[in-house]
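>>> fold the stuff below for me.
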Amino acid sequence: MDGPSSAAATERKPESAIFYYPWFGTPARDGDWIHWAQGGNRPPRRIASSFYPTRGAYSSGDPAVVRAQMHEIAVAGIDTLIVTWWGRGSLEDERLPLVAAAATARGLRVAAHLEPYGGRTPAGTAADIAYLRDFGVVDFYVWASVQHPDAEWREALAPVAPGVRVFANTNFPARAAAGGFDGVYTYDVLLYDGRFFPRLCEQARRLRLLCAPSVGPGYDARRATPDRRLRPRRRGATYDAMWRGAIRARADIVTITSYNEWHEGTQIEPARRTRGYDSYEGAWGRRGLAAERAYLDRTGYWTARLAGVRLASE
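Predicted coordinates:
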């Protein structure tokens, strides 16, 4: 790893990145409904989401779908795609070459969201980082990093190759620093909002860590999980407030939760108005077809604002 102090230039632009899920499947392409049927749902009419995709219940193994998704993400001005990854041999691992190629073709950098797959350890994570480097991945976001002792992380991450950045999922920058991470991110847009970001990033800067707080449009996992908690979208106001907080915090990277985590209702991928489902109707005053792309278009507005920010090194 470069280390936190060398990751910053004298003057640089903040970055943007978005969490992406390549885990959806259909009977026609994959032999079964994958993920859309979570929570006892019966696709294609009843899917495991409180929203309904404009594309319908699609397969993430369909190259045409993936190419179209990467086009949308690039047009929204996002720099990096953070792909969820559940270990070697997982469906997400099998689909990574397809996703990485499509992302790279659109000028996107590729990062990995290292999930708590079975048997994950700090030492094993370091080995997985080396494996994923072959796909051009240089940024790694470690979900639930606090499940393991900081000393184990520090030992495991010490020999990681130069040029690699590893981010801890924690709201305690001191723990990330003790574990030898390069930065912190939050991911959770239910528990954290923009008001928390300035304090998080100030603490990270003091420890010479990168700060990558996560913004999102809302949260609603009721159709896919037993979780009854909500963060309403408020016709786009929730998303705007989180972006303002991240920019006010002078975040090094604004991470977006998410492009297509349909289960938790955090997605900004286009959604259509469908009976029995929520929609983006009314977001920023949009209606009909214009509303379907409202969150993608608003992301483009915020990434343009972000591009005008300059960050000075310590």
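>>> how confident was the prediction at the spatially closest residue to residue 19 that is not a sequence neighbour?
In space, not counting the residues next to it along the chain, residue 19 is nearest to residue 258; the distance is 4.2 Å by CB to CB, 6 or more residues apart in numbering. (C-beta placed from N, C-alpha, C; glycine too.) Per-residue pLDDT puts residue 258 at 98.
>>> ramachandran coordinates for residue 258?
As for residue 258, its main-chain torsions (degrees, to the nearest 10) stand at phi -160, psi 180.
>>> surely it touches residue 21?
Yes - checked against CB atoms under 8 Å, the pair residue 258 and residue 21 is within contact range at 7.0 Å.
>>> so for the two, which sits in the more crowded spot?
Comparing residue 258 with residue 21 by other CB atoms under 10 Å, the one with more neighbours is residue 258, at 26 against 19.
>>> what sits against that one?
With CB atoms under 8 Å, 6 or more residues apart in numbering as the criterion, the residues that contact residue 258 are 18-21, 216, 264, 266-268.
>>> let's have those in CSV, adding pLDDT and secondary structure.
What follows is these, written out as CSV (pLDDT from 0 to 100; DSSP: H, G, I helix; E, B strand; the rest coil):
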residue, pLDDT, secondary structure
18, 98, strand
19, 98, strand
20, 98, strand
21, 98, coil
216, 98, coil
264, 98, helix
266, 98, coil
267, 98, coil
268, 98, coil
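>>> which one of those residues is nearest to residue 52?
If you rank the contacts of residue 258 by distance to residue 52 using CB to CB, residue 267 comes first, at 10.8 Å.
>>> can you give me the strands for the stretch 201-314 of the chain?
Along the stretch 201-314 of the chain, the stretches classed as strands by DSSP state E, counting those that start in this stretch are 210-212, 214-215, 219-220, 230-231, 253-256, 311-312.
>>> other SSEs contacting the longest one?
What that stands for is strand 253-256. Contacts defined by 3 or more CB pairs under 8 Å, 6 or more residues apart in numbering; DSSP states H and E place strand 253-256 against strand 15-20, strand 183-185, strand 210-212, strand 214-215, helix 237-248, helix 294-307.
>>> need these in CSV (columns: distance to residue 134 and mean neighbour count).
As requested, the helices and strands packed on strand 253-256 are arranged in CSV below (distance: least, CB to CB, whole Å; neighbours: other CB atoms under 10 Å):
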stretch, distance to residue 134, mean neighbour count
strand 15-20, 19, 25
strand 183-185, 23, 28
strand 210-212, 24, 27
strand 214-215, 27, 28
helix 237-248, 32, 20
helix 294-307, 29, 19
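>>> so for residue 198, which of the ones you listed sits nearest?
Closest approach to residue 198 among those (CB to CB): helix 237-248, 5.8 Å.
>>> now the angle between strand 15-20 and that closest one, please.
Compare the direction of helix 237-248 with that of strand 15-20 by axes from the mean of the first three to the mean of the last three CA atoms, to 10 degrees and you get 140 degrees.
>>> for helix 237-248, packing partners?
Counting contacts by 3+ CB pairs under 8 Å, 6+ apart, the secondary-structure elements packed against helix 237-248 are helix 197-206, strand 214-215, strand 253-256, helix 294-307.
>>> kindly export the longest one (C-alpha atoms) in CSV.
Backbone C-alpha positions of helix 294-307 (Å, rounded to 0.1, in the frame of the first residue of the first chain) are rendered in CSV as follows:
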residue,chain,number,x,y,z
ALA,A,294,-34.1,11.1,-11.8
TYR,A,295,-31.5,9.7,-9.4
LEU,A,296,-28.9,9.0,-12.2
ASP,A,297,-29.3,12.5,-13.5
ARG,A,298,-29.1,14.1,-10.1
THR,A,299,-25.9,12.1,-9.5
GLY,A,300,-24.5,13.7,-12.6
TYR,A,301,-25.3,17.1,-11.0
TRP,A,302,-23.5,16.3,-7.8
THR,A,303,-20.4,14.7,-9.4
ALA,A,304,-20.1,17.9,-11.5
ARG,A,305,-20.2,19.9,-8.3
LEU,A,306,-17.7,17.5,-6.7
ALA,A,307,-15.3,18.0,-9.6
